[in-house]
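Q: Turn this into a structure:
(one chain, ligands or ions: 3)
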Amino acid sequence: MYNDVKEVLLSEEQIADKVLELAQLISEDFAGKPLMVIGVLKGANVFVADLIRKISIPLELDFMAISSYGTSTQSSGIVKILKDLDKDIKGLHVLVVEDIIDTGLTLSYLTENLRSRGAAAIEICTLLDKPERRKAHIDVKYKGFNIPDEFVVGYGIDYAEKYRHLPFVGILKEEAYQ
Ligand SMILES: O=P(O)(O)OC[C@H]1O[C@H](OP(=O)(O)OP(=O)(O)O)[C@H](O)[C@@H]1O
Ligand code: HPA
Ligand SMILES: [Mg+2]
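A: Numbering: from 1, shown residues only. Ligands and ions are numbered 1, 2, ... in the order given. Coordinates of the predicted model:
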């Protein structure tokens, strides 16, 4: 399994340090506000689970499952809601948590959709960002790392549903997806 990884880009320790830093910022910024954390499945599952356990203020957690990639390494640009929120977010301060922003098409669709539901505010937290690949503008308030334009896996992020359980973020060998 680890043989399919060309290079470890971010170690478990680097990720854990960053998660703590982001959680502290979020805890300060959202203090006294009704915070609703929305994890974007499936990729953000691991990140959001670690992040919320370091946030020190009250919050609610929900998930949306939306998919644009299927089994390809390229975004189709077509976004589908596979699982919606369980409750209304009117008046809540929403923090959308993503594992990675690539073209930005997923989040651009999602934030537009959430905005129409009357949230008091919507902010974005992503562990990884590939700014070179951006097709849609996204304002990211909480960002873990900028990464180069390489196909990464691990810490929730998959290729064809594999590698999500790797505890680090690694660059996948070309042979693994050819
Ligand atoms: O910025 P973009 O180009 O839209 O790409 C980023 C999105 O793609 C991945 O999800 P994917 O749709 O592959 O589903 P998954 O989270 O279930 O793996 C990733 O988790 C982000 O949600
Ligand atoms: O680098 C990536 N890896 C896996 N899924 C992705 N979705 C966007 N970019 C990536
Ligand atoms: Mg995703």
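
Q: per-residue confidence at residue 79?
A: Residue 79 carries a pLDDT value of 79.

Q: measure it to residue 65 for me?
A: Applying Cβ to Cβ, to the nearest Å, one obtains 11 Å for the distance of residue 79 from residue 65. Using the backbone N, CA and C atoms, a C-beta is placed for each residue, glycine as well.

Q: Ok, residue 157 next?
A: Distance from residue 157 to residue 65, by Cβ to Cβ: 15 Å.

Q: So which of the two has more stuff around it?
A: Taking other Cβ atoms under 10 Å, residue 157 and residue 65 do not tie; residue 157 has more neighbours (23 against 14).

Q: Tell me the buried residues in the longest helix seen in the chain?
A: The residue-count maximum for a helix in the chain (DSSP state H) belongs to helix 12-29. Buried residues in helix 12-29, defined by neighbour count with 16 or more other Cβ atoms under 10 Å: 15, 18-19, 22-23, 26.

Q: So which residues on this protein come close to ligand 2?
A: For the chain, the residues in contact with ligand 2 (Cβ under 6 Å from any ligand atom) are 69, 100, 102, 151-153, 157, 159.

Q: swap the cut-off to 8 Å and go again
A: 43, 69, 73, 75, 99-103, 128, 130, 133, 150-153, 157-159, 172 (Cβ under 8 Å from any ligand atom).

Q: ok and the residue in this structure nearest ligand 1?
A: Residue nearest to ligand 1 within the chain (Cβ to the nearest ligand atom): residue 43, separated by 2.7 Å.
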